[in-house]
Every structure is written in structure tokens, then in C-alpha cells.
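Sequence first, predicted coordinates after that:
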Amino acid sequence: MSSTQQPDPYIVCDNLVKIYQTEDLEVVALQGLDLEIQRGEMMAIIGNSGSGKSTLLSVLGGLDRPSAGQCRIGDLDVLQASEADLVHYKRHGVGFVWQQSSRNLVPYLTAFENVQLPMLFGNLGKSKTRARALLVAVGLEDRMHHRLSELSGGQQQRVAIAISLANDPDLLLADEPTGEVDTQTAGQIYDIFRYLNREHGLTIVIVSHDRNIAQQVDRVVAIRDGRTSTETVRRVSVHEGEEHTLDEFVIVDDTGRLQVPREMLARLDITGRALVDIEGDRIVIRSDSADPQTVVSDSSGLTVPPIDSGDSGVALEGSPDRPPQLEQSDPLASDQADQTLKRVSPEFESRDVPEEHRRFAPRGSEDTPDA
């Protein structure tokens, strides 16, 4: 294998579909989503409410099976896996951090007991030693025997992170982990995530609605209408004093579909249909409602600009408005050109109009009957 070749992705979602069905309603939460995540990556998934990001997190965590498509996490095929395989995966392969502390913690237990609890269910040995080490890792060594009512919101979220790591998972999923804490505490939580990712090689996927999360992770994938739309990659320039730059890309799936950012479409008033063309090495998208200048194509296949019709009169010989192609030095050619002009002017053209049709003759003609 080449040294520059990317390893096989740890997570692969291919044409992923998830449909929630009730008695009278079907909701398509994921509509053919494609996504790849490398092992050891720390990335974020963003999107507006209803875009499908939380549904994707539930599928990745084994809480929901997809309706169609493929979702593979390591060797586990979420769609085809047995219930026993999914239970083992949820118990040992993945950890969760939810936005609401009530989903993460048991309120009548201490922080230490909360972290120890999943290890008891998983029959892991040395649970006390590991629970203590995890609380130290998240900076709560002096608060481990306090109950939740004695901890701040940020401290409770750090306990939740320790709980998610209790059974030593390979994947950590966090759903809006900083949604209920202040900016300073959010920064501390992201620092813990980066430490776990860097020092322990933990794969971390964070779901958020905050686009500023791009400053905290290496890659951000935006979801719109149940599909991946854009991807933002954070790069560090070694020549600019560790300056970070963000490059945004649109995602093109295997069938050639892509989602253009809404703000770009709105700026150019592109709705419904659009014109797509290739110009050099670029694909250009134009609004179908635009009024492009009309062009005429002659029989040789050459495209020529339209004739300016600002003056409805006929340019006669000697006139300053005479078309330049008629200005010729050959008198015979000039006479022929004048004859051409006369032939195309109806008012100079004689007609033999039948008596019964004389009322339709052009006005100004010598054959027009008197009123």
C-alpha cells in the first residue's frame, strides 16, 4: 500500500435512509446520506433542527436501525447485526454524552458511583480504580464523592464524559454537549475532548447546531434535509505562526448529487431549475430565470451577436447609420445592396392585390383603397 494512501474508514454510511413511521404519518429523517469517518478522528456534524443530525447519531450509536442503505462501524453492520451484537456494541464499543444531564446521570448517586455504575453492568474488574482515574482525567478528583446537586452544570457534563469512557469504547458520540453551559465551560469540555482524542486515539463525533465549532475540531460536516451538504476542514499553517484556516467543500455523492449552500442560491436567486455548464475547469450554475442576451447561430455553426434594433428605420446609402458591411467601394455591389434593402421594405414593394382582398393591403401602398 502506498504511504500516501488513506486507510479504510472506521465509519461508513452509504446512501443511508431512516424513516420514522406512525399510524398516519411517515417522516424521512435521512434521505440517502453518505459519510466516512477515519479512526482516531475528532469531527463535528452540524445542521438546523430537523436536518437529521440527531437521527444519524442514534444510528451510529446502535439505538436506531437504518431503514435502508449501509452503516458500518468497524466490523459491525448496524442494519444486519443481531440484537445481541448491538447490545454488546452499545455496552463496550460506544459511549454517549447527551445535552441533558438527566440522560447522563443518576441524580441520587455521587459522581464516583455514577462512573462506576456502567462498569458493574459490564462486569469489568477494578472498577473503583478506573472510576477514580477517569474523574481525575476530567479534572474532578476533588469532587468525585459529591452528589449532583453539589456540582455545577459544567462539572456534571465532565462527569458524563467520564461515564461515557467507563467501558473503554472506541467511539464517543456527543449530542450538543455544551448546549447548557457557558462559553468558558464549553471551552474546558472541548479541551477534554481534544486530550482524549490526542492521547488515547479516541474517535469523537460531536453533533451541534453551532457553526463556530469548526474552531474546535478538525472537520465539520453539515447536514441539510437528511443529506450531507458541505464539509469544512480546519488546516494549520506552519508558516503563519500556527494560524488556522478553514476550507469549505460541497459533498458530491456517488450518483453526482450535491447540495449548494442556501445562501449562495439565495444570493443569485436560483430556485427550481438552474442552468449548468462547463467553462474551462469549472462547473457554472446559473439561474434559469435570468434573461440572457439572445444570440443567433448561422448555418456554419458560428454564433453571431444580435443586430441592434434600436432604430426601426432602414439605413439608406449615405446615411450615417448605414451598416458597415454595406459600405463597399464597388458601385455595382453598392447598387445590389440598395436593391436588397428596397426588397425587404414592404412600403416600396408593388403588389397585385385581388379586388376582394384590397382592404387588407398595407397602408401607404398605391393599391390601398380610399377610406
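Yep, it's here. Residues are numbered from 1 along each chain as shown.

Flag the shaky bits of the chain, pLDDT-wise.
1-6, 122-125, 234-251, 253-256, 289-371 (pLDDT under 70).

Need the single longest helix in it, by residues.
Ranked by number of residues, the top helix in the chain under DSSP state H is helix 183-200.

buried residues in that helix?
T185, A186, Q188, I189, Y190, I192, F193, L196, N197 (16 or more other C-beta atoms under 10 Å). All C-beta spots, glycine's among them, are computed from the backbone N, C-alpha and C.

Tell me which residues touch the residue nearest to V284 when sequence neighbours are not counted, please.
Among residues not flanking V284 along the chain, D277 sits closest, at 5.1 Å (C-beta to C-beta, 6 or more residues apart in numbering). D277 makes contact with I283, V284, R286, according to C-beta atoms under 8 Å, 6 or more residues apart in numbering.

tell me what the helix or strand hosting the first one is packed against?
Put plainly, it is I283. Assessed by DSSP states H and E, I283 sits inside strand 282-287. Helices and strands touching strand 282-287, by 3 or more C-beta pairs under 8 Å, 6 or more residues apart in numbering; DSSP states H and E, are strand 274-279.

Just give the strands next to the strand it packs on in its sheet, each with its orientation.
Taking DSSP bridges as the criterion, strand 274-279 pairs within the sheet with strand 282-287 (antiparallel).

and the partner strand, C-alpha only, in PDB?
C-alpha atoms of strand 282-287 as PDB (Å, rounded to 0.1, in the frame of the first residue of the first chain):
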ATOM      1  CA  ARG A 282     -15.200  25.000 -13.700                       C
ATOM      2  CA  ILE A 283     -18.800  23.900 -13.500                       C
ATOM      3  CA  VAL A 284     -21.000  27.100 -13.600                       C
ATOM      4  CA  ILE A 285     -24.600  27.200 -12.300                       C
ATOM      5  CA  ARG A 286     -26.900  30.000 -13.500                       C
ATOM      6  CA  SER A 287     -30.400  30.900 -12.700                       C
END
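
Could I get the buried residue list for that strand?
S287.

CA atoms only: put the longest helix of the chain into CSV for me.
Provided in CSV are the C-alpha atoms of helix 183-200 (Å, rounded to 0.1, in the frame of the first residue of the first chain):
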residue,chain,number,x,y,z
THR,A,183,-18.7,29.7,26.9
GLN,A,184,-15.8,29.2,29.3
THR,A,185,-17.1,25.8,30.5
ALA,A,186,-17.7,24.8,26.9
GLY,A,187,-14.0,25.6,26.1
GLN,A,188,-13.0,23.3,29.0
ILE,A,189,-15.2,20.5,27.7
TYR,A,190,-13.7,20.8,24.2
ASP,A,191,-10.2,20.7,25.8
ILE,A,192,-11.1,17.4,27.4
PHE,A,193,-12.3,16.0,24.1
ARG,A,194,-9.1,17.0,22.4
TYR,A,195,-7.0,15.5,25.2
LEU,A,196,-8.9,12.2,24.9
ASN,A,197,-8.6,12.2,21.1
ARG,A,198,-4.9,13.0,21.1
GLU,A,199,-3.7,10.9,24.0
HIS,A,200,-6.0,7.9,23.7
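
And I37, how far from R198?
17 Å (C-beta to C-beta, to the nearest Å).

oh, I was asking about L16
From L16 to R198 the distance is 29 Å (C-beta to C-beta).

neighbours around the spatially closest residue to L196 that is not a sequence neighbour, how many?
Nearest residue to L196 in three dimensions, chain neighbours excluded: L202, at 4.7 Å (C-beta to C-beta, 6+ apart). Residues near L202, counting by other C-beta atoms under 10 Å, number 22.

Please apply the same query to S149.
8.

Does the residue nearest to it when sequence neighbours are not counted belong to a helix, a strand or coil?
Of all residues not flanking S149 in the chain, P107 sits nearest, at 7.5 Å (C-beta to C-beta, 6+ apart). The three-state label given to P107 by DSSP: H, G, I helix; E, B strand; the rest coil is coil.

List the strands paired with whichever strand or helix holds L172, with their directions.
Element membership for L172 (DSSP H and E) is strand 171-175. The sheet places strand 171-175 alongside strand 94-97 (parallel), strand 203-208 (parallel), with pairing taken from DSSP bridges.
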